[in-house]
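Novice: predicted model and sequence follow; I will ask about them next.
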Amino acid sequence: MTTARIRPRIRRAFTLAEVLVSLAIIAVLAAATIPTMKGRLTAAHASALADELTTLQSAIQAFKNNTGYYPEELYFLSFAPTVAQYPAGIGFGGGTNNSCGTNFNGTSNFLKWRGPYVSRNITGDYAMGDNYLVNNVMTRVPASSTPGTREYLQIDVDLVDKAVAEILERQFDATYDLSNGTVKYSLGSNLTTGTLSYMILIAGC
């Protein structure tokens, strides 16, 4: 009886050409997918920041409706002014705790505070999930002597990508001008991120 010898199968290795073709296919797929994913991530970051800014704007207006004044700090959207804070204040350091540069006191009706006006506890500058840094202290931009100019409260957000700023500019101003309007932007020295300024139109102080 003859026994047939079974030869082991030898697996053929990939040729260099096949490896290069496979790598080329992977590179093409990555080139098509990565920009799409990055674009979606940027849009999601812009949406989150837009929601945060509009929430703050509504809260600031509610604060004004209750107290009669705009705050100079986002802090006051979370915590009521107290008698113990005056006249020293916790604002610009001189007891100037509303946007007009005067103290909250009986005249400014801070006892009519009905907050908190936001869900988060704002104790100072705070970071959002996307690493943006929202500045606690706001800037009052008074109207100039030029007819037709208006008065604003300015909220500054640091570490914002320019692509995010451009999305917000189109959303709020419907333009591509980052130097004027509701959204302004200045690129930082690292040429990667910068400061976005959100301008809230106000009526007087």
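Specialist: Arrived safely. Predicted, not measured: the structure shown is a model, and the values here were computed from it.

Novice: which residues in the protein form strands?
Specialist: Assigned by DSSP state E, the chain shows strands spanning 126-127, 133-134, 139-141, 151-161, 183-187, 193-202.

Novice: to residue 46, which of these lies closest?
Specialist: strand 151-161 (8.9 Å; Cβ to Cβ). The C-beta positions use only the backbone N, C-alpha and C, and glycine is treated the same way.

Novice: helices or strands up against that closest one?
Specialist: Where contact means 3 or more Cβ pairs under 8 Å, 6 or more residues apart in numbering; DSSP states H and E, strand 151-161 is packed against helix 16-67, strand 133-134, strand 139-141, strand 193-202.

Novice: buried sites along the third one?
Specialist: Right, strand 139-141. For strand 139-141, the neighbour count (16 or more other Cβ atoms under 10 Å) marks 140-141 as buried.

Novice: what lines up beside that strand in the sheet?
Specialist: strand 151-161 (antiparallel) (DSSP bridges).

Novice: the strand it pairs with - what's its average pLDDT?
Specialist: The average pLDDT within strand 151-161 is 93.

Novice: before we move on, the earlier item: go through the strands of the chain and name the closest to residue 175.
Specialist: Using Cβ to Cβ, the strands of the chain put strand 183-187 closest to residue 175, at 9.2 Å.

Novice: contacts for the closest one next, please.
Specialist: The contact list for strand 183-187 (Cβ atoms under 8 Å, 6 or more residues apart in numbering) reads 160, 162, 165, 168-169, 172-173, 178-179, 193-199.

Novice: tell me the mean pLDDT for that strand?
Specialist: Strand 183-187 carries an average pLDDT of 94.

Novice: mind starting the numbering at 869 from now?
Specialist: Okay, residue one is now 869; in that scheme the one you just asked about reads as strand 1051-1055.

Novice: what is the neighbour count of residue 1026?
Specialist: 16 (other Cβ atoms under 10 Å).

Novice: actually residue 994, not the one I wrote
Specialist: For residue 994, the neighbour count with other Cβ under 10 Å is 16.

Novice: just the pLDDT at it, thanks.
Specialist: For residue 994, pLDDT reads 95.

Novice: mind checking how far it is from residue 924?
Specialist: Distance of residue 994 to residue 924, computed by Cβ to Cβ, to the nearest Å: 11 Å.

Novice: common neighbours of these two, please.
Specialist: Contacts common to residue 994 and residue 924, judged by Cβ under 8 Å, 6+ apart, are absent.

Novice: and residue 1026, what does it touch?
Specialist: 1000-1001, 1003, 1061-1063.

Novice: about what we covered before: can you say which of the strands of the chain is nearest to residue 895?
Specialist: Nearest to residue 895, of all those, is strand 1019-1029, at 25.6 Å by Cβ to Cβ.

Novice: what comes up buried for the closest one?
Specialist: Under the neighbour-count criterion of 16+ other Cβ under 10 Å, strand 1019-1029 has 1019-1021, 1023-1029 buried.

Novice: if anything else comes up later, I'll come back, but that's it for now.
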